[in-house]
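J.: predicted model follows, preceded by the sequence.
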Amino acid sequence: MRFSTKAIHTGQPSEPETGALVAPIFQTSTYEQESPGHDKGFSYSRTNNPTRQRLEGVLAELENVPHAAAFSSGIAAENAVLQAYLRPGDEVVIPHDVYGGTYRILNKVFLPIGITIKQIDTGDLAAVEAAITPKTRFVWIESPTNPRLLITDIAAVAKLTHARKALLVVDNTFATPVFQQPFELGADIVVHSVTKYLAGHSDTVQGAALAKDAAVFEPIKFLQNATGAVPSPFDCWLTLRGLKTLELRMQRHEENAIAIAKALNGQPLVRRVYFPGLLDHPGHEIARKQMTGFGGMVSFELDGTMDEVIAFASSRRYFALAESLGGVKALICHPATMTHASIPAEARAQLGLSDSLLRLSPGCENAEDLVEDLLEGLTEIERARSKRKPVGAAAR
Ligand SMILES: Cc1ncc(COP(=O)(O)O)c(C=O)c1O
């Protein structure tokens, strides 16, 4: 069965009692037992729930592994993975461009309990090899990264990680299983902010952690129940609905991202465009090798003042200024003051996260409308600049 058929058919039979094509939302906290300890596989909805079970089944199918656990947010999923494995003295290797919330949970929650965090360029295999020690528990990567969409060679990092008996975690939020299958490249654990493309409509916050190996998955599954950050049945149902169009949506997101990257690239007011599909993007060749599409995100650096960057981001017709990404409606974000504000300014500068960087999440709108909106923003900056020029300046 191929991807889009799986997304629509697996684990989602019509409801047996009534034939309802779409299974109802099992909005229940508990389950009647036949006799004490004899239930029908469900005892309490923090532990398990039929709607959540369906979602976990579909997520597992799409990433091609047997095990998935759904959480109430991407960060809750990350927390379960980190808590399941990290003990004082352990080390974690993360990329320079790691998602700000991952940086925060590691530095504010796990560093104080004795975990060492090594932040490196995971695109540089020599740097990865040098960073891994016998104390390394996880190499944790994102590819493409957030927000500069940098690429890491997942298969090569998996080899280096496994040679030192550490586990490779891949945050597959940006690529989605439509464009990238990390387990096939050697990942041990995959995490998702389901909030983004998987759910796809900017109407729910959810996460997931998946594993190929039952023994690797078991402590994560245990924490799903033991610490209890589970999604509601309704949220699971929303994601089940969203997943049915995941492949279609990703195709459209990518088409729009390509159109935008091409249109912005070379514009005088654009210092740099980050999109893995561009030939000069660092990691383009590796993206081509390990992905089946370049994803739906585009970032770029405006050649402008902070005021101009903020004005551009705040006044787009179709790109709402908002955190998050991956929904059908286009979003624009200023990482330095929004998603990555939890990284101190000095650290951001060291990591190469410029204050003039803008991140675009094109939705499923028409590509020409989105491109026009962005080019209009550039023209507005030029117009405002020429108005500010002293009289006679143009003649000199
Ligand atoms: C790459 C990545 N991973 C994880 C997360 C965290 O997910 P959530 O916001 O669902 O907790 C995000 C959120 O933006 C993200 O972009």
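T.: On my side now, so go ahead. Numbers count the residues shown, from 1 in each chain.

J.: skipping adjacent residues, who's closest to Pro50 in space?
T.: Phe26 (4.3 Å; Cβ to Cβ, 6 or more residues apart in numbering). In short, each C-beta sits where N, CA and C put it, glycine included.

J.: residues in contact with that neighbour?
T.: 45, 49-51, 233 (Cβ atoms under 8 Å, 6 or more residues apart in numbering).

J.: count the residues that sit near whichever residue of the chain sits closest to the ligand.
T.: Closest approach between the chain and the ligand, counting by Cβ to the nearest ligand atom: Gly74, at 2.2 Å. Gly74 has 25 neighbours, counted by other Cβ atoms under 10 Å.

J.: any idea how far it lies from Phe110?
T.: Remark: distance between Gly74 and Phe110 (Cβ to Cβ, to the nearest Å) = 16 Å.

J.: go on, Met338?
T.: 23 Å.

J.: tell me the phi and psi of Ala131?
T.: Per-residue torsions, Ala131: phi -80, psi -30 (degrees, to the nearest 10).

J.: I figured it hits Val92, correct?
T.: No: using Cβ atoms under 8 Å, Ala131 is not in contact with Val92; the gap is 9.9 Å.

J.: what do these two both touch?
T.: 118, 139.

J.: quick one, which of the two is more surrounded?
T.: Taking other Cβ under 10 Å, Ala131 and Val92 do not tie; Val92 has more neighbours (25 against 20).

J.: do you know how far that one is from Ser143?
T.: 17 Å.

J.: same question, Asp235
T.: Taking Cβ to Cβ, one finds Asp235 at 27 Å from Ser143.

J.: more neighbours: these two, which one.
T.: More neighbours surround Ser143 than the other of Asp235 and Ser143, with 30 against 23 (other Cβ under 10 Å).

J.: hang on, Leu248 in a strand?
T.: No: per DSSP: H, G, I helix; E, B strand; the rest coil, Leu248 lies outside any strand segment and is helix.

J.: where does the residue nearest to it when sequence neighbours are not counted fall, phi/psi-wise?
T.: Ranked by Cβ to Cβ, 6+ apart and with sequence neighbours excluded, the top spatial neighbour of Leu248 is Ser4, at 7.2 Å. When read as degrees, to the nearest 10, the backbone of Ser4 gives phi -70, psi -30.

J.: can you tell me which residues in this protein are near the ligand?
T.: Proximity of the chain to the ligand (Cβ under 6 Å from any ligand atom) is limited to residues 73-75, 99, 101, 142, 146, 171, 173-174, 193, 195, 205, 207.

J.: go with 5 Å
T.: Selection of the chain residues close to the ligand by Cβ under 5 Å from any ligand atom yields 73-75, 99, 101, 146, 171, 173, 193, 195.

J.: output these in TSV, with pLDDT and secondary structure appended to each entry.
T.: Shown next, in TSV, are the residues of the chain next to the ligand (pLDDT from 0 to 100; DSSP: H, G, I helix; E, B strand; the rest coil):
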residue	pLDDT	secondary structure
Ser73	98	coil
Gly74	98	helix
Ile75	98	helix
Tyr99	89	coil
Gly101	91	helix
Asn146	85	coil
Asp171	98	strand
Thr173	98	coil
Ser193	98	strand
Thr195	98	coil
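
J.: that's all I had, so thanks and see you.
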